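> any chance you could fold what I've pasted below:
(2 chains)
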There are 2 protein chains.
Amino acid sequence: MPSLQEFIIASVRQAPAVPIELSEPVALDALPTPALTIDLDIFEANLDKMQRHVESHGMGLRSHTKMHKCPIIARRQIEKGALGVCAATVSEAEVMSFNGIEDILITSPVVTRDKIERVVNLAGVSHGIQIVVDHKEGADALDQAASRAGVNLGVIIDLDPGMGRTGIDPKLALALGRHIVDHCSALRFSGLQMYVGNCMHTHGFTKRRDKYCAIMEKGLETRRSFENDGIEVDVFTGGGTGTWDIEPELGALTDIQAGSYVFMDVEYRDIGGQQSEYFDDFEPSLFVLVTAISKPQSRLITVDGGYKSFASDTVPPAFRDIEGVTYHWGGDEHGIIQLDNPSREINLGDKLPMLASHCDPTVNLYDYYFPYRDGVVEEIWPITARGCSQ
Amino acid sequence: MPSLQEFIIASVRQAPAVPIELSEPVALDALPTPALTIDLDIFEANLDKMQRHVESHGMGLRSHTKMHKCPIIARRQIEKGALGVCAATVSEAEVMSFNGIEDILITSPVVTRDKIERVVNLAGVSHGIQIVVDHKEGADALDQAASRAGVNLGVIIDLDPGMGRTGIDPKLALALGRHIVDHCSALRFSGLQMYVGNCMHTHGFTKRRDKYCAIMEKGLETRRSFENDGIEVDVFTGGGTGTWDIEPELGALTDIQAGSYVFMDVEYRDIGGQQSEYFDDFEPSLFVLVTAISKPQSRLITVDGGYKSFASDTVPPAFRDIEGVTYHWGGDEHGIIQLDNPSREINLGDKLPMLASHCDPTVNLYDYYFPYRDGVVEEIWPITARGCSQ
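Numbering: from 1, shown residues only, chains lettered A, B, ... in the order given. Sure thing, here's the model as predicted:
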């Protein structure tokens, strides 16, 4: 009979996140659908491309695990040279820490006693734990808890890029920085975060670049105001997949938090690239395999993937290699495919790969990845931080 | 090192689904958010009301577990008198069967060899397993597999209510029924399903009733055509929460598949009731507890629940007891609350209950329910079939 505390600890410290090797390889077509699959060749090319990019521009990569939720993937990113990872929630950070990841930035503020205690406990385990703060009371509460626990906790001030989601108004940031440096002895101020979530999906490269640069100018001003006041800004973190190729010309950030570049999705594909209609700097490597299960009407065929298999906050999913069809949401378990002018025949029982609508909340629906090469699955990767929204 | 088959079996046959008793009771306010909570008094009243309703009209309740995904709740429904349950997927049915539920109808067709084998295996364990079929090839494949396994499998013909999702055109159903009765010796034809998903959420009671009755008329015609042809239709199943009070006057169905009445959500609330603006025949009993974590601008406050805490296929979530505010999606982990004219003050750190947007895919995001009475949680209920979309 556990206490709530013991229950919470046990629920994030499950079996260590390692690949589950299959006793015999399995063809993609044998997987029970809907199945979340990874094309390993493309996946690895994406990891390599982003890592080379940040290195060639003197930046670091602090990849966001809110996207893949998988310590196996986080370890691969670090092996390739990533500085560390980001986590959106305390429980994501706990899963990563329990699985041996040391450098973890929690990118959303916490304010309640239970979460503050969990952050301080984590920082007691690993010196690499950092968290954002965006107001004085939050900083004071973290400072008091860290002080009581005898822990030194790295903090980064989160700047609001005008989204009104989290972060302090950049004009008020210096006062908060001064307060932390002067009055929060258990906190170690290490820099700034400005995640411009409001332009990652701006359609059209030029429009996206102009918007990003205009917003980031406020972040740069804030950084200068800290430096002019004698506060060192070691880290300036932010940026994502949508601005990966814009950031270097601006030169604002020390490290970028991109996550989606690993898998890609329809939402990112559609924002457009520098030279092309589609944003194809990174190729999609994540595919939800679905099965055609019913054909109630002649111009329709139904697949077994709906709201419980694809995130539905944005555009619908799209087939990997079939054109001339339209996916319509068909409820929790179904998608209805309208056969406008299909580029191939779809028959009942066909298993078909689809690009995720929006990769982060799509991944969060599944317990396992099926990575494959040459159409063959040899192991299964648990999505250990799935559902860790706390 | 498991085979794929062994891995799949292990992943649905986890620890038996029983309540996890806490060593000491916990106040709602101590839960880590976002947390999925159940107000037990309302939950029990909803179960009782639906059960009394179907009994007083000579119907049965075959409640849909795709909504709650929880054998603990399924057992309570059966203890109160439900005939059995529905499952939308084979893996949901496997979880329910492994947890002692015997009468299970799988409400969506399967066509691939892997899924057919799993259904036949389940039917070998429990005579109460039934599945829908909607075309001849599917029926033949099930018949052959059942025959090979020496199993007698109950089947129900799924009728398309004009949604184009699953089901056979009602005009073609009798030929399929005849085929099953005459040629599929391992299948036991037990009746018809017509789930009118296309009018469960029709706004306005009168409009909903007229639409439902018009569509169900085709189902009634189909049933008569079977009876005229000498094929007994023991079961005619369908209906849901949105038509619970319409069905009795029509008298078409032998049992109804309602699921959402247990928890309710904003989507159902807004369809309107027989006598009221809101559909309040069942009160909401499911609440996502969120915390106010940031206040970047004076007329906004941000909570820690976004696309990964609430289904986003439909309307946004709503507060249980705060009016004069508007929830805006703030990405995967956040909701931005616009403080129009709030009926109470919201401060950082406040934990606030919200009604789910759409209950089924919201539940599917969580691993645990926290049921409570008088604001106190004494046990935790695992959502054992969460993610079982296969």
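> close to chain B: what parts of the stretch 151-300 of chain A are there?
Within the stretch 151-300 of chain A, the positions adjacent to chain B are A:160, A:163-169, A:197, A:291-297, A:300 by Cβ under 8 Å from any Cβ of the partner chain. Using the backbone N, CA and C atoms, a C-beta is placed for each residue, glycine as well.
> restricted to strands, list the residues you listed.
A:291-294, A:300 (DSSP state E).
> quick one: which of those is nearest to A:Glu21?
Closest approach between those and A:Glu21, by Cβ to Cβ: A:Thr291, at 25.6 Å.
> count of neighbours near that closest one?
25 (other Cβ atoms under 10 Å in any protein chain shown).
> tell me the pLDDT of A:Ala10.
A:Ala10 is assigned 85 on the pLDDT scale.
> let's see if you can find the most crowded of the ones in strands among the residues of the stretch 151-300 of chain A next to chain B.
Going by other Cβ under 10 Å, A:Ser294 tops those with 29 neighbours.
> so what's the residue most central in space within chain A up against?
Chain A has A:Met67 as the residue nearest its centroid, 2.8 Å off, counting by Cα atoms, centre = their mean. Contacts for A:Met67 (Cβ atoms under 8 Å, 6 or more residues apart in numbering or on different chains) come out as A:259-260, A:262-263, A:359-360, A:363.
> isn't there a helix covering it?
Yes: applying DSSP: H, G, I helix; E, B strand; the rest coil, one finds A:Met67 inside a helix.
> now it: closest residue in space, sequence neighbours ignored.
Spatial nearest neighbour of A:Met67, excluding adjacent residues (Cβ to Cβ, 6 or more residues apart in numbering or on different chains): A:Gly259 at 3.3 Å.
> now the helices for chain A?
For chain A, applying DSSP state H gives helices covering A:4-12, A:40-56, A:65-68, A:71-79, A:90-98, A:113-125, A:136-149, A:170-183, A:205-228, A:247-250, A:266-269, A:359-363.
> A:Phe370 touches A:Val376, doesn't it?
No: between A:Phe370 and A:Val376 there is no contact under Cβ atoms under 8 Å: 10.3 Å.
> those two: who's more crowded?
Neighbours per residue (other Cβ under 10 Å) separate A:Phe370 from A:Val376, with A:Phe370 holding more: 22 against 12.
> for the more buried one, give its distance to B:Ala214.
Separation of A:Phe370 from B:Ala214 (Cβ to Cβ, to the nearest Å): 44 Å.
> which residue sits farthest out from the middle of chain A?
A:Ser298 (40.0 Å).
> could the ones in strands among the residues of the stretch 151-300 of chain A next to chain B go into TSV alongside distance to A:Lys308 and pLDDT?
Formatted as TSV, these follow (distance: Cβ to Cβ, whole Å; pLDDT from 0 to 100):
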residue	distance to A:Lys308	pLDDT
A:Thr291	15	98
A:Ala292	18	98
A:Ile293	15	98
A:Ser294	17	98
A:Leu300	20	97
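> kindly reformat these as a markdown table containing distance to A:Asp281.
As requested, those are exported to a markdown table (distance: Cβ to Cβ, whole Å):
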| residue | distance to A:Asp281 |
| --- | --- |
| A:Thr291 | 31 |
| A:Ala292 | 32 |
| A:Ile293 | 35 |
| A:Ser294 | 38 |
| A:Leu300 | 35 |
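> hmm, which two among those residues are most spread apart?
Within those, two members stand farthest from each other by Cβ to Cβ: A:Thr291 and A:Leu300, at 15.2 Å.
> for A:Ile9, give its distance to A:Thr202.
41 Å.
> filter the residues of the stretch 151-300 of chain A next to chain B down to the buried ones.
Buried residues within these, counting neighbours by 16 or more other Cβ atoms under 10 Å in any protein chain shown: A:160, A:163-169, A:197, A:291-297, A:300.
> and the residue nearest to the centre of chain A, what's its pLDDT?
A:Met67 is given a pLDDT of 98.
> who are the packing partners of the worst-scoring helix or strand of chain A on mean pLDDT?
None of the helices or strands of chain A scores lower by mean pLDDT, DSSP states H and E than helix A:4-12, at a mean of 86. Judged by 3 or more Cβ pairs under 8 Å, 6 or more residues apart in numbering or on different chains; DSSP states H and E, helix A:4-12 is in contact with helix A:90-98, strand B:20-27.
> 6 Å instead?
The elements that helix A:4-12 packs onto, with contact taken as 3 or more Cβ pairs under 6 Å, 6 or more residues apart in numbering or on different chains; DSSP states H and E, are helix A:90-98.
> shaky segments in the stretch 1-150 of chain A?
By pLDDT under 70, the stretch 1-150 of chain A has no low-scoring segment.
> one more time with 80
Counting by pLDDT under 80, the ranges of the stretch 1-150 of chain A that qualify are A:14-15.
> how about the residues of it by chain B?
A:1, A:3-4, A:21-23, A:26, A:32, A:34, A:88, A:109, A:111-112, A:114, A:134 (Cβ under 6 Å from any Cβ of the partner chain).
> which residue ranges of the stretch 251-390 of chain A form strands?
Using DSSP state E, counting those that start in this stretch, the strands of the stretch 251-390 of chain A run over residues A:255-256, A:286-294, A:300-303, A:318-319, A:326-329, A:335-338, A:351-355, A:368-373, A:376-382.
> what does the second one contact?
With contact meaning Cβ atoms under 6 Å, 6 or more residues apart in numbering or on different chains, strand A:286-294 is reached by A:31, A:33-38, A:263, A:301-305, A:309, A:320, A:346, A:348, A:350-354, A:356, A:359, B:109, B:111-112, B:134, B:166.
> got phi/psi on the closest residue to A:Gly387 other than its chain neighbours?
Excluding the flanking residues, the one nearest A:Gly387 by Cβ to Cβ, 6+ apart is B:Asp367, at 5.1 Å. Torsion angles at B:Asp367 (phi, psi; degrees, to the nearest 10) stand at phi -90, psi -20.
> neighbours around B:Asp367, how many?
By the measure other Cβ under 10 Å, the count of residues near B:Asp367 is 16.
> pretty sure it is touching A:Arg386, no?
No: using Cβ atoms under 6 Å as the test, B:Asp367 is too far from A:Arg386 to be in contact (8.5 Å).
> picking that back up, if any of the contacts of strand A:286-294 are buried, give me the ChimeraX selection for them.
The ChimeraX command for the buried members of those (criterion: 16+ other Cβ under 10 Å) is given here:
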select /A:31,33,34,35,36,37,38,263,301,302,303,304,305,309,346,348,350,351,352,353,354,356,359 /B:109,111,112,134,166
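> please convert the helices of chain A to a markdown table, extending it with distance to B:Asp280.
As requested, the helices of chain A are exported to a markdown table (distance: least, Cβ to Cβ, whole Å):
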| stretch | distance to B:Asp280 |
| --- | --- |
| helix A:4-12 | 33 |
| helix A:40-56 | 49 |
| helix A:65-68 | 37 |
| helix A:71-79 | 45 |
| helix A:90-98 | 35 |
| helix A:113-125 | 34 |
| helix A:136-149 | 39 |
| helix A:170-183 | 44 |
| helix A:205-228 | 45 |
| helix A:247-250 | 51 |
| helix A:266-269 | 37 |
| helix A:359-363 | 30 |
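> ranking the ones you listed by burial, who's on top?
Greatest average neighbour count among the helices of chain A goes to helix A:65-68 (a mean of 28), per mean count of other Cβ atoms under 10 Å in any protein chain shown.
> can I get it in CSV, CA atoms only?
Taking Å, rounded to 0.1, in the frame of the first residue of the first chain, the C-alpha atoms of helix A:65-68 are listed here in CSV:
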residue,chain,number,x,y,z
THR,A,65,12.2,15.3,-25.1
LYS,A,66,8.6,16.5,-24.9
MET,A,67,8.5,15.4,-28.5
HIS,A,68,9.8,11.9,-28.5
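> alright, that wraps it up for me.
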